[in-house]
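> Following is a predicted model, sequence given first.
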Amino acid sequence: MFNFLKNKRLFMLMVGFLVLIVMIGLTIGGREKITWPEKFLKDAVGFVQQVFYVPAGAIAGFFQDIRQLDEIYEENEKLRMLAAAYARDKVEYNFIKSENQRLMENLKFTEHQMEMNDYSFMIAHVISVNNDANNRTININLGSKHGVEKNMAVVTKDGLVGIVNSVSPFTASITPYTELSSISTNFNAISATAMGKESESFGILSDYSAEQDRILMTKIGENDPMEDGDVIITSGLGNIYPRGLRVGEVESLKVGDFGLTYVATIKPFVNLNQLTEVFVVSVPQNLDTEVDSTGEEETAS
Amino acid sequence: MSMNRIVLLMLAIFILEGSLMPWLIPVDYSDRIIPHFTFVLVIFAGLYASRYQALILGMSFGLLQDIIYYGHVIGPHFFFMGLIGYIVGMLLERKKATLMLAIAVVGFACLAYDSALQFVYSTFKITDGSYAWALIQYILPSLFLQLVFTLCVYVPVRKMFEKRMRAIESSDEK
């Protein structure tokens, strides 16, 4: 024992190891807020990093555009057809929207209920990507000064990227969908459904399988009409993540561990490599006003 | 070569590996080839400067990486970058390492670093991939990138650290 204490190197190694375990213990599982030295470092480094990432992305995008020049004609054709379809749908959408609005007013929806699905999108630029295979954190150049908050969903035009994990005044870190895990306390369980079968289909995006490179959707009911090739979207039932964000495509559906529910493997739409622009989805938060208004109504009646 | 210049250079490398490298690696290999350039420089510090310098540089840049890209935990990069840098310094500090030895040491150090991180992450159930899978998926492919980087920067970085050491030694003699 005396010998062990005398060996300074071994002793320091043990102390270092203890510090490691304590640090991991303190920081694992997501913290509500990060401390001010961390915020300062993130902002300072983030400011320099965006000077490199954004122009590099622009240059790479330019060369990609040149490479895709010959596909433009085909793409144009497709877009024209899509635009025509949208024009048709838009008329119907307007009718349904105004009808919906009228019914909501007749049914005396509260302000909060009416605006629940009124999301706004904030454009953010990616400024850096972590060089660690097991933690692909992505930093963006919007922060709490711009209204970004923890747990907001982040998407691209293709679909879901992840959620905001920590926020500093001018930058924010995104935890991508690759870190979904049913054991983790900061990113699990996004309720989801299949597009076109929103009322009958339900499942939970709970895990990401690194080896298969797929998201696992669990707790799918026995009589669920979900099929291979269905597009999975978030359902918004958990009231944390907004509804209607595209996630991926069902690749296979099989019986789960206990034989009671089904598990689907989902091929995500978004490729996380070389992202440039992402959208932070901000959900209107006026729970306080709702409480106030119901209180007023009660006193009025 | 003052310590400030070394830290500044490593800071530049750190910033570039997060912001510029993702664009230089082909899209299909982005999650397989992962740069650890700051770590390579820490190993150089261990080889050509002193083990204490490697320890300090490794710990500070590891902590910086843990904080900037905080996702799950703070600590693994901080601990292992410092520890591996120190061990390399302890074994090879006084020997004049040749290019071949430097490449071999960087290779083994990168293997140890990635394996240690994978071990910590799987202990805390942050990743579900097995070690064998991780080895094929990203540890070995990114090893090659690190070795190429070592070859490219070997001469200037070695000179830089050795100059620093000579400056310290001459000031000691006075």
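Ah, there it is.
> so how far is stretch A:244-252 from its chain's centroid?
Computed by CA atoms, centre = their mean, to the nearest Å, the chain-centroid distance of stretch A:244-252 equals 13 Å.
> Would you mark the buried spots in that stretch?
A:245-250 (16 or more other CB atoms under 10 Å in any protein chain shown). C-beta: built from backbone N, CA, C; applies to glycine.
> Out of these, which sit inside strands?
Per DSSP state E, strands hold the following members of the buried residues of stretch A:244-252: A:246-250.
> would you turn these into TSV with distance to chain B?
Compiled in TSV, those are given as follows (distance: CB to the nearest CB, whole Å):
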residue	distance to chain B
A:246	20
A:247	19
A:248	17
A:249	19
A:250	21
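> Show the pLDDT at residue B:103.
The model reports residue B:103 with a pLDDT of 92.
> list the contacts for it?
Counting by CB atoms under 8 Å, 6 or more residues apart in numbering or on different chains, residue B:103 touches B:147, B:150-151.
> What separation do you get for it and residue B:47?
With the distance defined as CB to CB, to the nearest Å, residue B:103 ends up 11 Å from residue B:47.
> so where's the stretch 1-150 of chain A shaky on pLDDT?
Applying pLDDT under 70 to the stretch 1-150 of chain A flags the ranges A:1-6, A:30.
> and it, which residues reach chain B?
Residues of the stretch 1-150 of chain A found near chain B (CB under 8 Å from any CB of the partner chain) are A:13, A:16-17, A:19-20, A:23-24, A:26-28, A:34, A:38, A:41-42, A:45-46, A:48-50, A:52-53, A:56-57, A:59-60, A:127-137, A:139.
> Can you select the buried ones from these in PyMOL?
Command for PyMOL that selects the buried part of the residues of the stretch 1-150 of chain A next to chain B, burial taken from 16+ other CB under 10 Å:
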select buried, chain A and resi 16+20+23+24+27+28+34+38+41+42+45+46+48+49+50+52+53+56+57+60+127+128+129+130+131+132+133+134+135+136+137+139
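> Report whether stretch A:165-182 contacts chain B.
Yes: using CB under 8 Å from any CB, we find that stretch A:165-182 touches chain B at A:165-166, A:173, A:175, A:179, A:181.
> Who wins on neighbours among the contacts of residue B:103?
residue B:150 (22 neighbours; other CB atoms under 10 Å in any protein chain shown).
> and for stretch A:43-56, what are the contacting residues?
A:125-128, A:139, A:141, A:143, A:168-171, A:276, B:15-16, B:18-20, B:22-23, B:64, B:68.
> which sections of chain B are below the confidence cut-off?
Using pLDDT under 70, chain B drops low at B:1, B:173-174.
> and with 90 instead?
B:1-6, B:16-32, B:48-51, B:70-75, B:90-99, B:121-130, B:157-174 (pLDDT under 90).
> Any residue of stretch B:73-89 touching chain A?
Yes: using CB under 8 Å from any CB, we find that stretch B:73-89 touches chain A at B:73-79, B:82-83.
> could you say which helix or strand contains residue 91?
Since no chain was named, I'll use chain A. Using DSSP states H and E, residue A:91 sits within helix A:72-106.
> look at chain B instead
Per DSSP H and E, residue B:91 falls inside helix B:76-92.
> For that helix, C-alpha coordinates in PDB please.
The C-alpha trace of helix B:76-92 is given here as PDB (Å, rounded to 0.1, in the frame of the first residue of the first chain):
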ATOM      1  CA  PRO B  76     -13.300  11.000 -22.800                       C
ATOM      2  CA  HIS B  77     -11.400  13.100 -25.200                       C
ATOM      3  CA  PHE B  78     -10.000  15.100 -22.300                       C
ATOM      4  CA  PHE B  79      -8.700  12.100 -20.500                       C
ATOM      5  CA  PHE B  80      -7.500   9.900 -23.400                       C
ATOM      6  CA  MET B  81      -5.800  12.600 -25.500                       C
ATOM      7  CA  GLY B  82      -3.800  13.600 -22.400                       C
ATOM      8  CA  LEU B  83      -3.100  10.100 -21.300                       C
ATOM      9  CA  ILE B  84      -1.900   8.700 -24.600                       C
ATOM     10  CA  GLY B  85       0.200  11.800 -25.300                       C
ATOM     11  CA  TYR B  86       1.800  11.400 -21.900                       C
ATOM     12  CA  ILE B  87       2.500   7.700 -22.400                       C
ATOM     13  CA  VAL B  88       4.100   8.300 -25.800                       C
ATOM     14  CA  GLY B  89       6.200  11.000 -24.300                       C
ATOM     15  CA  MET B  90       7.200   8.800 -21.400                       C
ATOM     16  CA  LEU B  91       8.400   6.000 -23.800                       C
ATOM     17  CA  LEU B  92      10.100   8.000 -26.600                       C
END
